[in-house]
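*Asks:* give me the fold of what follows.
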Amino acid sequence: MVCLKNMTLLICLAFFSPMQAQDAEAKKSMEIYGFIMTDVGYNFNQIQADWYDVVRPTKLPAFENQYGVDGNYYASVRQTRFGIKNYFDTGIGELKTQFEFELFGTGVDAGQTTFRLRHAYAELGKFGAGQTWSPFMD
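*Replies:* Model prediction:
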């Protein structure tokens, strides 16, 4: 919640700042990206049900019929991804924003096709707020 408040503050500062550039040629751009990925296959053996369409050796059975009988077909779009990046010149620097999600459920949603937020952040000059990856995360 704190991250969303910080991001909202950055966006408000950028758009409503009295120092905002009056230049009609201010740089503005948007990048829309992503892909649709469909995995279709057949498991000749067995794998833990939450990870049926992912090559994850730690989820292979330790003994016969641990995860049910061998052999099943599957189809999945869980690795599909969509994102938007925006860049705006403002009177106090360039505002960069990114919003990205995928459909790969994790945690309590493991094995499901569900919305998973990957990035939602804004950066203004050297300051940023929101959710994104960092070299300091585990």
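
*Asks:* where in the chain is pLDDT low?
*Replies:* 1-26, 137-138 (pLDDT under 70).

*Asks:* separation between the residue nearest in space to the middle of it and Ile47?
*Replies:* Taking Cα atoms, centre = their mean, the centroid of the chain lies closest to Arg118, which sits 2.2 Å from it. Taking Cβ to Cβ, to the nearest Å as the measure, Arg118 falls 25 Å from Ile47. In this view, the C-beta of every residue, glycine as well, is placed from N, C-alpha and C.

*Asks:* and Ile36, how close does it get to Phe127?
*Replies:* For Ile36, the distance to Phe127 equals 35 Å [Cβ to Cβ].

*Asks:* send the alpha carbons of stretch 118-137 over as PDB?
*Replies:* Output of stretch 118-137 as PDB, limited to C-alpha atoms (Å, rounded to 0.1, in the frame of the first residue of the first chain):
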ATOM      1  CA  ARG A 118       5.500  -8.600 -12.100                       C
ATOM      2  CA  HIS A 119       6.200  -4.800 -12.300                       C
ATOM      3  CA  ALA A 120       4.200  -1.800 -11.300                       C
ATOM      4  CA  TYR A 121       6.400   1.200 -10.700                       C
ATOM      5  CA  ALA A 122       7.300   4.800 -11.600                       C
ATOM      6  CA  GLU A 123      10.600   6.500 -11.700                       C
ATOM      7  CA  LEU A 124      11.200  10.200 -11.800                       C
ATOM      8  CA  GLY A 125      14.800  11.200 -12.100                       C
ATOM      9  CA  LYS A 126      16.800   9.200  -9.500                       C
ATOM     10  CA  PHE A 127      13.700   8.400  -7.400                       C
ATOM     11  CA  GLY A 128      11.400   5.400  -7.900                       C
ATOM     12  CA  ALA A 129       8.500   3.800  -6.200                       C
ATOM     13  CA  GLY A 130       6.400   0.700  -6.700                       C
ATOM     14  CA  GLN A 131       7.100  -3.000  -7.300                       C
ATOM     15  CA  THR A 132      10.000  -4.200  -9.500                       C
ATOM     16  CA  TRP A 133      13.100  -6.400  -9.300                       C
ATOM     17  CA  SER A 134      16.200  -5.300  -7.600                       C
ATOM     18  CA  PRO A 135      19.700  -6.800  -7.400                       C
ATOM     19  CA  PHE A 136      19.200  -6.700  -3.600                       C
ATOM     20  CA  MET A 137      16.200  -9.100  -3.400                       C
END
